[in-house]
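Novice: What would the 3D arrangement of this be:
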Amino acid sequence: MIDYTPPTHTGLRILYLDKSLIVVDKPAGLLSVPGRGDDKQDCMIARVQAEFPDALIVHRLDMGTSGIMVMARGKVMERALSILFQTRQVHKRYEAVVARQVSPTRGEINLPLLTDWPNRPRQMVSFVLGKLSCTRYQVLAYDTASDTSRVALEPLTGRTHQLRVHLQALGHPILGDELYASPTVCIQAQRLLLHAVWISFPHPLTGEVLSINSPIPF
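Specialist: Down below sits the predicted model:
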């Protein structure tokens with residue numbers, strides 16, 4: 001069991017705000033929604049709702065992942081934004097630092113994923129029962145000194161832990177990943193080196209395409 005010690009709340013980092021939606025920058029180590037137990041109530045949605053009571057969740061980031069989260073303002077916008085996600089009109093890009101040199105330097109990972117029920121919340125590859133899962137990747141840089149690669153990731157589907165499991169299956173787990181990396185790879189970073197860096201989607205009211213970036217903290 002991973003201990004939950006949320007980062008100190010020093011104020012919201014708002015990337016976009018209007019009467020329909022809020023886009024915030026989630027810090028690493030913070031749950032997206034409350035967990036089980038009184039010690040897991042501090043989370044991204046609770047911090048946002050403290051200032052914007054009408055905020056509602058439409059998607060999540062893993063606790064260890066930092067970066068862009070979109071929230072609806074009110075039930076009508078929650079449904080409209082959820083439809084955009086369901087119909088794949090929302091495009092996202094992440095960056096990660098992974099173990100070893102990735103070759104080829106770009107490609108597509110198609111591995112079906114399934115919850116590993118005896119070991120929840122872990123996910124696993126299952127060609128029998130797994131759900132279709134697809135991730136595009138491109139190597140941005142290779143560091144010979146640390147034998148690590150920085151990669152851009154585009155999830156074409158939105159499965160739980162998709163990027164983390166796909167990279168592990170490729171032989172390049174993300175540094176700092178307590179669930180999927182070996183102990184030697186995990187301790188190479190003090191946090192999971194995965195960040196939601198960019199998102200693009202049509203505004204549910206105006207149809208204008210929003211393109212929002214978040215600076216990478218590692």
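Novice: How much space separates residue 106 from residue 91?
Specialist: 17 Å (Cβ to Cβ, to the nearest Å). Using the backbone N, CA and C atoms, a C-beta is placed for each residue, glycine as well.
Novice: quick one, which of these two is more surrounded?
Specialist: For residue 106 versus residue 91, neighbours defined as other Cβ atoms under 10 Å are more numerous around residue 91 (14 against 11).
Novice: isn't the more buried one right next to residue 196, touching?
Specialist: No - Residue 91 lies out of contact with residue 196 (Cβ atoms under 8 Å); the separation is 11.8 Å.
Novice: so residue 166 makes contact with residue 135?
Specialist: Yes - the pair residue 166 / residue 135 is scored as a contact, 4.6 Å apart, by Cβ under 8 Å.
Novice: What helix or strand is residue 114 located in?
Specialist: Per DSSP states H and E, residue 114 falls inside strand 113-115.
Novice: Tell me where this structure has helices.
Specialist: 44-49, 75-86, 162-169, 183-186 (DSSP state H).
Novice: Show me where the chain dips below the pLDDT cut-off.
Specialist: Residue ranges of the chain with pLDDT under 70: 1-2.
Novice: all strands for it, in order.
Specialist: In the chain, the strands defined using DSSP state E lie at 14-17, 21-26, 55-57, 66-73, 91-99, 106-110, 113-115, 123-125, 134-143, 148-155, 194-202, 209-213.
Novice: Now residue 124: closest residue in space that isn't a chain neighbour?
Specialist: Once flanking residues are discounted, residue 124 sits nearest to residue 116: 4.3 Å by Cβ to Cβ, 6 or more residues apart in numbering.
Novice: is it true that that neighbour touches residue 123?
Specialist: Yes - assessed by Cβ under 8 Å, residue 116 is found in contact with residue 123 at 6.1 Å.
Novice: Who has more neighbours out of these two?
Specialist: residue 123 (24 against 16).
Novice: any idea how far the more buried one is from residue 178?
Specialist: As for residue 123, its distance to residue 178 is 14 Å (criterion: Cβ to Cβ).
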